[in-house]
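1. Need a 3D model of the following:
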Amino acid sequence: MIYLTIINTIAIIYILTHKQFSSHKSTAFGGTLVGYGFYYKGKRFLYIPIRNKRKTEVNEDVHRMINGSEQSKRQILFAKFSWLKTITEVEQFRKDYEVVDRKLVNSMVDEFILNHR
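-> Below is the predicted model of the structure:
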């Protein structure tokens with residue numbers, strides 16, 4: 001076990017000291033930091049998440065829609081909903097976007113569920 005630790009330490013030192021190593025900050029659409037990616041020869045070998053990227057993006061999206069106009073809310077909700085294919089995805093959509101326009105989201109979800117039973 002100690003040999004494995006020593007080998008891993010040497011490998012990490014080697015990777016960090018050569019120019020083929022790089023790092024990149026991973027952000028959500030709104031610019032919120034969600035993690036760091038470490039690359040060796042252009043391939044990611046380690047990713048350290050700080051936040052859940054999907055939840056962060058949905059949260060940013062919801063806040064953007066709440067602050068937007070009624071027409072843009074409806075257009076964005078219909079556009080996002082049009083990509084959904086399963087009842088599980090539709091139920092998750094309801095949980096995520098119900099706060100934006102409860103009546104519209106519930107009517108879209110209920111209609112989808114009725115048509116797919």
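
2. Residues contacting the strand or helix carrying residue 36, please?
-> Take DSSP states H and E as the rule and residue 36 turns out to sit in strand 33-40. With CB atoms under 8 Å, 6 or more residues apart in numbering as the test, strand 33-40 has contacts from 15, 20-28, 44-53, 56. In short, each C-beta sits where N, CA and C put it, glycine included.

3. Filter those residues down to the buried ones and hand me the ChimeraX line.
-> Buried residues within the contacts of strand 33-40, by 16 or more other CB atoms under 10 Å, are selected in ChimeraX with:
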select :15,26,28,53,56
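
4. Describe which strands the strand holding residue 36 pairs with in its sheet and in which direction.
-> Sheet pairing here is set by DSSP bridges, and for strand 33-40 it gives strand 21-27 (antiparallel), strand 43-49 (antiparallel).

5. which residues of this structure fall in helices?
-> Using DSSP state H, the helices found in the chain span residues 2-17, 53-66, 70-82, 87-97, 102-115.

6. now those as a markdown table including distance to residue 36 and mean pLDDT?
-> Converted to a markdown table, these look like this (distance: least, CB to CB, whole Å; pLDDT from 0 to 100):
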| stretch | distance to residue 36 | mean pLDDT |
| --- | --- | --- |
| helix 2-17 | 14 | 82 |
| helix 53-66 | 12 | 92 |
| helix 70-82 | 28 | 94 |
| helix 87-97 | 26 | 94 |
| helix 102-115 | 34 | 93 |
